[in-house]
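>>> quick one: sequence plus predicted model below, questions after.
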Amino acid sequence: MGRRTPDEIRTMRRAGRVVAEIHERIRDAVRPGVSTRQLDGIARAVLDQRRATSNFLGYHGFPAVICTSPNDVVVHGIPDDRALRDGDIVSIDCGAVVDGYHGDAAFTVGVGEVDRAAQRLIDVTRRALEAGIAEMVPGNRLGDLGHAVQATAEGAGYTVVREYVGHGIGTAMHEPPDVPNYGRPGKGRKLGAGDVLAVEPMVCAGREETAVLDDGWTVVTIDGSLAAHWEHTVAVTDDGPEILTLP
Ligand code: MG
Ligand code: MG
């Protein structure tokens, strides 16, 4: 994991700001009847406007600039012409590249009126992300981060996906190290100022095992239970964690 200089982190902040703007615009547009392809179009427009490029489009052949993952889809859903429906939940994951540096973040939101169980899953997953980020101080270890995520999710009665993990990020979207959403306190690589990680809990209401659909991308829960996904790109600094994917 390459540690980033303050100048590099400044550039990553710019990439992160574009990602955050995409999130805001899409959040405003999510409603029953909108297609995920329309949401992808919104993201493309923001990327163009900000002269940023997409790190998703063409990634191992991925055909869109965002991943849209409704209901039992955990991650990597491909935007299409199907309309979102009242009561769905959907994860929106996107990234941007500015001057060679990457940002990557995701959120999950309810479409129209969602039931309390679905909203609780969304909220707990977000809290799990926040708990993980809070561990990103110099001297802590990746196991501290993973444990905090896991304890938050499992403490609420959910499971965390183990087959997909967070990652280092910088001049590539996916860099070492892996950032698991589970772990043991005091174990794993030690964090230091300049480390930048994409932390991204994927939390399931049911079992944690996943399967990939025939399109080669779409990751679903094996039991059809709901899943939520939140992500930020975060730098470790001497003053604590700094979330780079914010407006
Ligand atoms: Mg992502
Ligand atoms: Mg990521």
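Arrived safely. Ligands and ions are numbered 1, 2, ... in the order given.

>>> mind listing what the closest residue to residue 53 other than its chain neighbours touches?
Spatially, and ignoring its direct neighbours in sequence, residue 53 is nearest to residue 97 (4.7 Å; Cβ to Cβ, 6 or more residues apart in numbering). For the C-beta atoms, the positions are set from N, CA and C on the backbone; glycine is no exception. By Cβ atoms under 8 Å, 6 or more residues apart in numbering, the contact list for residue 97 reads 15, 52, 53, 54, 55, 103.

>>> residue 97 is in what secondary structure piece?
strand 89-98 (DSSP states H and E).

>>> residue 214: neighbouring residues, count only.
6 (other Cβ atoms under 10 Å).

>>> and the gap between it and ligand 1?
Going from residue 214 to ligand 1 by Cβ to the ion, to the nearest Å gives 23 Å.

>>> part of a strand, is that residue?
No: judged by DSSP: H, G, I helix; E, B strand; the rest coil, residue 214 forms no part of a strand; its state is coil.

>>> quick one, what contacts it?
Residues in contact with residue 214 (Cβ under 8 Å, 6+ apart): none are found.

>>> who touches the closest residue to residue 227 other than its chain neighbours in this structure?
Distance criterion Cβ to Cβ, 6+ apart; nearest residue to residue 227, sequence neighbours excluded, is residue 74 at 4.2 Å. Contacts for residue 74 (Cβ under 8 Å, 6+ apart) come out as 91, 161, 164, 202, 204, 210, 219, 220, 221, 227, 229.

>>> now residue 4
Residue 4 touches 12, 170, 194, 195, 196, 235, counting by Cβ under 8 Å, 6+ apart.

>>> if we go to 10 Å?
10-12, 101, 168-171, 193-196, 235-236 (Cβ atoms under 10 Å, 6 or more residues apart in numbering).
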